[in-house]
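**Student:** 3D model of this:
(4 chains)
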2 protein chains.
Amino acid sequence: MFMSTSVLLVYMSEPDSQRTVNATQTSVSVLEALAEADDTVGVTELANRLSIPKSTAYKHLNTLYEVGFVNKTGRKYELGLRLADLGERARATDPLYRTARPHIDQLVSVTDQPAGLVIEHEGLAVDLYRTTPARQIQVQLPNSRYLHCSAPGKAILASLSSERVMEILDETGLPQKTDRTLSDRSALREKLDRIDERGIAFERGEQRPSRRAVAVPITQNGSVLGAVYVAGTSDRLKSKRFEEDLPGILISTVKRFLPDL
Amino acid sequence: MFMSTSVLLVYMSEPDSQRTVNATQTSVSVLEALAEADDTVGVTELANRLSIPKSTAYKHLNTLYEVGFVNKTGRKYELGLRLADLGERARATDPLYRTARPHIDQLVSVTDQPAGLVIEHEGLAVDLYRTTPARQIQVQLPNSRYLHCSAPGKAILASLSSERVMEILDETGLPQKTDRTLSDRSALREKLDRIDERGIAFERGEQRPSRRAVAVPITQNGSVLGAVYVAGTSDRLKSKRFEEDLPGILISTVKRFLPDL
DNA sequence: AACATTGTTTATGTGTGATGAACGACACCA
DNA sequence: TGGTGTCGTTCATCACACATAAACAATGTT
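**Tutor:** Sure, this is the predicted structure:
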């Protein structure tokens, strides 16, 4: 007849609360929420998304604002440019970024399409580098962080062991971003096997309705380091160009810089 | 007879300790310390630099590691690649970055030298974008965050009001990075005036002995948005090329994209 | 002008971050 | 092999600062 009125908050899933700073984690989750948002967000909206009190959200946003990690225009927040600085420094020494980057730039000028480099971190995608053709006007929307619904994500998943893939899916789940998203595990597994055979992953409106992409994994003696992709709208990426030309270009691009790693 | 035995901790210098999260601030300062370090650092070393206990440094590093904000190789830490992801997203919508970037890329291919885009935030430099020639082998060392000792920093300072410059110098000081660093205010002020006249700032070993750079401010109806720079070693950047050619190229580059802002 | 919705501030207790000291893991050298 | 120094990790403790709800102010909306 009870369990009283209060809910039993079981924080026990994270046993090492002794070795981590909780406040920092929530600040980071604030940043992540801002990163996922396609637009600027206010205090209340962000608090709702994270299921934390308004006052908490406010305090963290304010703190992050003062250090330049978030930007405030009026009463709306977005990621701050200090992060771009830190990001530049972070990848400056990364060997994969350093060798792959010029080839990705070349890829962009050859295909006249946005392209980028993605790696995996704890089951989620990390955009290491992204770029667009110079005259591209529209804003390039960021990749979803879920691996199962993007071309580079699937390319990476396909190069991992089945066990690791299951682990990742257990952790992250398979959110259905669009009606084309593969949210069934066995269907995904089958796709991944085909990707692994060909060495090419396609994305057809699986994370955004009108977006398409092609990606190839970067593998070095058995393990996958990341994936290179070319993206675009479905009206520009179709038929032979999408199915054959871009895959060929991508494969040869990766083949070209792989020895340098 | 009282105020008891305890010390009155006067945190009052930061009056808004009610509106900010202390733990987040220290986590951020950990990131900043890692950013400033030219190499990977261990727990003890970082604790010393920040004058905080080892155990505190450990806990923050561990927290930041678990969220991918720092990287751990053995027992050494450095900035993590998640920051590159967030940085990409942060600047993706920034108008200055979006318009300036292709021109900076072109600048690199024309000059065959590293180049970048810097903005100012709370009196310190923020590297919004940096890039190097494709075949460049050596790692590009990051700019100092202090404005007074770098070409882009001085270009920005020169475009600010004297009062604002004084404010900044009061906050940040004028650390002497090398023996050529201008650490005297009046000498700096004089330099800034000359920079403002010509619209060009030079850097001759003021933040690193062998480094040189040229920078021009990006100004729009009176206010400065940032600065574009070209950098290199003193043996490659000298005489006419350094004194005249690069300045000319930089000025025309900025002039070219300024109307687009 | 009444209302709804947002951001900001305040007051409170309790969890937790900061801390120093103890512990363990290594490396180096005698 | 044992000794010494240095490092990272864990532990125990306590003040206090984070998280929270609720009140307040500032918006925007009807």
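
**Student:** For the nearest residue to residue A:144 once chain neighbours are set aside, which three-state class applies?
**Tutor:** Distances taken as C-beta to C-beta, 6 or more residues apart in numbering or on different chains place residue A:207 nearest to residue A:144, at 4.5 Å, with adjacent residues excluded. Every residue, glycine included, has its C-beta placed from N, CA and C. Following DSSP: H, G, I helix; E, B strand; the rest coil, residue A:207 is assigned to coil.

**Student:** So which residues of chain A form strands?
**Tutor:** A:70-73, A:76-79, A:115-121, A:124-131, A:201-204, A:211-220, A:223-233 (DSSP state E).

**Student:** JSON lines please, covering those and showing mean neighbour count, mean pLDDT and distance to residue A:193.
**Tutor:** Converted to JSON lines, the strands of chain A look like this (neighbours: other C-beta atoms under 10 Å in any protein chain shown; pLDDT from 0 to 100; distance: least, C-beta to C-beta, whole Å):
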{"stretch": "strand A:70-73", "mean neighbour count": "17", "mean pLDDT": "94", "distance to residue A:193": "42"}
{"stretch": "strand A:76-79", "mean neighbour count": "21", "mean pLDDT": "96", "distance to residue A:193": "37"}
{"stretch": "strand A:115-121", "mean neighbour count": "24", "mean pLDDT": "95", "distance to residue A:193": "18"}
{"stretch": "strand A:124-131", "mean neighbour count": "22", "mean pLDDT": "93", "distance to residue A:193": "20"}
{"stretch": "strand A:201-204", "mean neighbour count": "22", "mean pLDDT": "96", "distance to residue A:193": "12"}
{"stretch": "strand A:211-220", "mean neighbour count": "24", "mean pLDDT": "96", "distance to residue A:193": "14"}
{"stretch": "strand A:223-233", "mean neighbour count": "23", "mean pLDDT": "96", "distance to residue A:193": "15"}
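
**Student:** Tell me which of these sits nearest to DNA strand C.
**Tutor:** Evaluated with C-beta to the nearest atom of the strand, those place strand A:76-79 nearest to DNA strand C, the distance being 6.8 Å.

**Student:** can the closest one be found next to DNA strand D?
**Tutor:** No: in terms of C-beta under 7 Å from any atom of the strand, no part of strand A:76-79 sits within range of DNA strand D; the closest distance is 11.1 Å.

**Student:** What lies in contact with that strand?
**Tutor:** Applying C-beta atoms under 8 Å, 6 or more residues apart in numbering or on different chains, the external contacts of strand A:76-79 come out as A:31, A:34-35, A:37, A:40-43, A:46, A:61, A:65, A:69-71, B:86, B:89-90, B:93.

**Student:** domain ranges for chain A?
**Tutor:** Chain A breaks down into these structural domains: A:11-83, A:94-260 (assignment by automatic domain parsing).

**Student:** among those, which gets the worst mean confidence?
**Tutor:** Mean pLDDT per stretch puts domain A:11-83 lowest among the domains of chain A, at a mean of 89.

**Student:** Spell out the residue ranges of the helices in the stretch 51-200 of chain A.
**Tutor:** Counting by DSSP state H, counting those that start in this stretch, the stretch 51-200 of chain A has helices at residues A:54-66, A:82-92, A:95-111, A:151-159, A:162-172, A:185-198.

**Student:** Run a quick neighbour tally on residue A:93.
**Tutor:** For residue A:93, the neighbour count with other C-beta atoms under 10 Å in any protein chain shown is 16.

**Student:** Please report phi then psi for it.
**Tutor:** Dihedral angles of residue A:93 (phi, psi; degrees, to the nearest 10) stand at phi -100, psi 0.

**Student:** separation between it and residue B:63?
**Tutor:** 22 Å (C-beta to C-beta, to the nearest Å).

**Student:** which parts of the stretch 1-150 of chain A sit against DNA strand C?
**Tutor:** Taking C-beta under 7 Å from any atom of the strand as the measure of proximity, the stretch 1-150 of chain A contacts DNA strand C at A:11, A:17, A:20-23, A:42-45, A:54-55, A:58-59, A:62, A:75-76.

**Student:** So which residues on the stretch 1-150 of chain A come close to DNA strand D?
**Tutor:** Near DNA strand D, when you scan the stretch 1-150 of chain A using C-beta under 7 Å from any atom of the strand, you find A:18, A:19, A:22, A:23, A:26, A:52, A:53, A:54, A:55, A:56, A:59, A:60.

**Student:** Which one (most neighbours) among these?
**Tutor:** These, ranked by neighbours (other C-beta under 10 Å): first place residue A:60, 27 neighbours.

**Student:** In contact with whichever residue of the stretch 51-200 of chain A sits closest to chain B, which residues?
**Tutor:** Going by C-beta to the nearest C-beta, chain B is nearest to residue A:87 of the stretch 51-200 of chain A, at 2.4 Å. Taking C-beta under 8 Å, 6+ apart, we find residue A:87 in contact with B:83, B:84, B:85, B:86, B:87, B:88, B:90.

**Student:** Among the helices of the stretch 51-200 of chain A, which comes closest to residue A:237?
**Tutor:** For those, proximity to residue A:237 was assessed by C-beta to C-beta; helix A:95-111 is nearest, at 9.4 Å.

**Student:** and the angle from the closest one to strand A:124-131?
**Tutor:** 50 degrees (axes from the mean of the first three to the mean of the last three C-alpha atoms, to 10 degrees).

**Student:** Counting by contacts, list what helix A:95-111 packs against.
**Tutor:** Helix A:95-111 sits against strand A:115-121, strand A:124-131, strand A:223-233, helix A:246-257, with contacts defined as 3 or more C-beta pairs under 8 Å, 6 or more residues apart in numbering or on different chains; DSSP states H and E.

**Student:** mind running it again at 10 Å?
**Tutor:** helix A:82-92, strand A:115-121, strand A:124-131, strand A:211-220, strand A:223-233, helix A:246-257, helix B:95-111, strand B:124-131 (3 or more C-beta pairs under 10 Å, 6 or more residues apart in numbering or on different chains; DSSP states H and E).

**Student:** next one: the first one to chain centre, how far?
**Tutor:** Put plainly, it is helix A:82-92. Using C-alpha atoms, centre = their mean, to the nearest Å, the mean C-alpha position of helix A:82-92 is found 17 Å from that of the whole chain.

**Student:** same thing with the longest one?
**Tutor:** Taking C-alpha atoms, centre = their mean, one finds helix B:95-111 lying 18 Å from the centre of the chain it belongs to.
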